[in-house]
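J.: Build the 3D model from these lines:
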Amino acid sequence: MFDLTGKLAVVTGARRGIGLGIATALADAGADIVGVSLGMEASGSELQAAVEKRGRAFTAIRCDLADRTATSALASRLAELPVGILVGNAGTFRRVPAADHSQEDWDHVLEVNLSSQFVLAQAVGRGMLERGSGKIIFTASMLSFQGGLNVASYAAAKSGLAGLTRALSNEWAGSGVNVNAIAPGYIDTRVTEGLKADPVRSKQILERIPAGRLGQPGDLAGAAVFLASTASDYVNGILLPVDGGWLGR
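T.: Model (predicted):
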């Protein structure tokens, strides 16, 4: 049920962190990988080595998802491929009080975290609809449920991504295309570096997580493979928290 052999998976934001962990997990399950990232190396990346070590094919694509023209060109390119799995994971954030949040930063975060996700899902989704099958997985956030602190644009974008997940699911589930999202909690990546460096905030966060630790990118592997596989064929429009119990506290 969890075998992805013969599937082509596109993972955005795949160069490091959560995207790297998810892409590696999909390759472990048998999928060939197209890794997309702003800084993706043409060759010699950590992801390429991990995918090819597992005997899977790898294609690297560099794209700035803050640039709508570049995103549209990527969408056209992906539309020509038999993509069976799309993981919309690329994201960025600005940690600043809302009163000081610039409009330029707001536009940037919304473009990367929400608008580009729709552009790519729309393009890839058309092919999936024609074939009658496909899996789209967005990386949402626990801030798809909560507001957070000093991350207004990030929280707004991730809340919008939750709505997009449900909206696409409502339209596409009957055609064999599953659209779902993973909602990570505090994961040990670049995004949480500032929080880890703050001893007071770090202590507060760890005390709130029932599991007693930050998550690792590998903690998302099972959720990603599940939502990408036939095991989730009757799972539509959900946000699956992987947060160590944060939302249940």
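J.: so what does the helix or strand of the chain with the lowest mean pLDDT touch, helix or strand wise?
T.: Within the chain, no helix or strand scores below helix 193-197, which has a mean of 77 by mean pLDDT, DSSP states H and E. Packing partners of helix 193-197 (3 or more CB pairs under 8 Å, 6 or more residues apart in numbering; DSSP states H and E): helix 199-208. All C-beta atoms are positioned from the backbone trio N, CA, C, and that covers glycine.
J.: For the most centrally placed residue in the chain, give its distance to K158.
T.: Nearest to the geometric centre of the chain sits N89, at 2.1 Å (CA atoms, centre = their mean). To K158, N89 is 12 Å away according to CB to CB, to the nearest Å.
J.: ok, back up a step: next one: the least confident helix or strand of the chain to chain centre, how far?
T.: Chain-centre distance of helix 193-197: 21 Å, with CA atoms, centre = their mean, to the nearest Å.
J.: Contacts for it next, please.
T.: R95, Y186, D188, R201, S202, I205, L214 (CB atoms under 8 Å, 6 or more residues apart in numbering).
J.: which of these tops the neighbour count?
T.: Comparing those on neighbour count, Y186 comes out first with 21 neighbours (neighbours: other CB atoms under 10 Å).
J.: can I get the contacts of helix 193-197 in JSON lines with distance to E104?
T.: Converted to JSON lines, those look like this (distance: CB to CB, whole Å):
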{"residue": "R95", "distance to E104": "16"}
{"residue": "Y186", "distance to E104": "27"}
{"residue": "D188", "distance to E104": "29"}
{"residue": "R201", "distance to E104": "27"}
{"residue": "S202", "distance to E104": "30"}
{"residue": "I205", "distance to E104": "29"}
{"residue": "L214", "distance to E104": "31"}
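J.: Out of the residues you listed, the closest to V242 would be?
T.: V242 lies nearest to Y186 out of the contacts of helix 193-197, by CB to CB, at 10.7 Å.
J.: now the strands for this protein?
T.: Per DSSP state E, the chain carries strands over the ranges 8-12, 32-37, 58-62, 85-88, 134-139, 177-184, 239-242.
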